[in-house]
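Q: got a structure for you, letters missing:
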């Protein structure tokens, strides 16, 4: 009698464990991928070339090609005497090489799928570039001529406009970036490379009698760096108080 009861209890325990095991398996989240799904090769069943690497590489190649067409016959010069087309042409070649590498990587290695892209960012960035191009030097548009405010004005203006591409922006950070980046561009392109780019309005020279244009460039760049440093200190103090 005792043996029979023990056998019945043992069978009941086995059935209970079997049922609980089935419940554990059935309680698995159906949204989670199964083992067969996780072992599926990436990119299976999707367009192989529709990935970020391939499309981004094509965009860079198109940008480099447009730059080569826009430069035309500008002389590159040499390392000691950089011509007006030297820096842009070298940058275009670098962009082309990077773009070609991304295209090759996108073909043979694949990449992340292209996500949905908001048009807000690209449109505002293009607007900032257009404003920079039309304000760095006087540009006639019909009967109207845009004011030529040089890099010292067009640079910060373009950076502040580009800041609208981000919905959550910090104007203090944008002001620091605008001042520091403008000073860097004036020193690099105007003072060191001596490219024919207006660093500031020509009318400013009358306020500095006896000064050369390169000396005024150094003064303007130094003032912008001081402004950037002051704003950075304000940023740090504001972050410390928060």
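A: On my side now, so go ahead. What you are looking at is a predicted structure, and each value in this text was computed from that prediction instead of being measured.

Q: buried set for the lengthiest helix in the chain?
A: Identified as the longest helix of the chain according to DSSP state H is helix 213-241. By neighbour count, with 16 or more other CB atoms under 10 Å as the criterion, the buried positions of helix 213-241 are 216-217, 220-221, 224-225, 227-228, 231-232. From N, CA and C alone the C-beta is placed, and that goes for glycine too.

Q: go on, stretch 99-111?
A: Under 16+ other CB under 10 Å, the buried positions of stretch 99-111 are 99, 102-103, 105-106, 110-111.

Q: Greatest separation within the residues you listed: which pair is it?
A: Within the buried residues of stretch 99-111, 99 and 110 form the most distant pair, 17.1 Å apart (CB to CB).

Q: And the helices in this protein, which stretches?
A: For the chain, the helices defined by DSSP H occupy 2-26, 35-38, 52-71, 86-108, 120-135, 150-162, 171-185, 213-241.

Q: count of neighbours near the nearest residue to residue 113 once chain neighbours are set aside?
A: Distances taken as CB to CB, 6 or more residues apart in numbering place residue 51 nearest to residue 113, at 6.2 Å, with adjacent residues excluded. If you count neighbours by other CB atoms under 10 Å, residue 51 ends up with 22.

Q: hang on, residue 51 packs against residue 108?
A: No. Taking contacts as CB atoms under 8 Å, residue 51 lies outside contact range of residue 108: 11.3 Å.

Q: Please identify every residue contacting each of the two.
A: The contact sets of residue 51 and residue 108 do not overlap (CB atoms under 8 Å, 6 or more residues apart in numbering).

Q: what about this protein, any weak spots by pLDDT?
A: Applying pLDDT under 70 to the chain flags residues 1-48, 79, 240-242.

Q: Tell me the one among the buried residues of helix 213-241 nearest to residue 169.
A: Of these, the one sitting nearest to residue 169 (CB to CB) turns out to be residue 231, at 14.9 Å.

Q: ok, that closest one - contacts?
A: Contacts here follow CB under 8 Å, 6+ apart; on that basis residue 231 touches 172, 175-176, 179.
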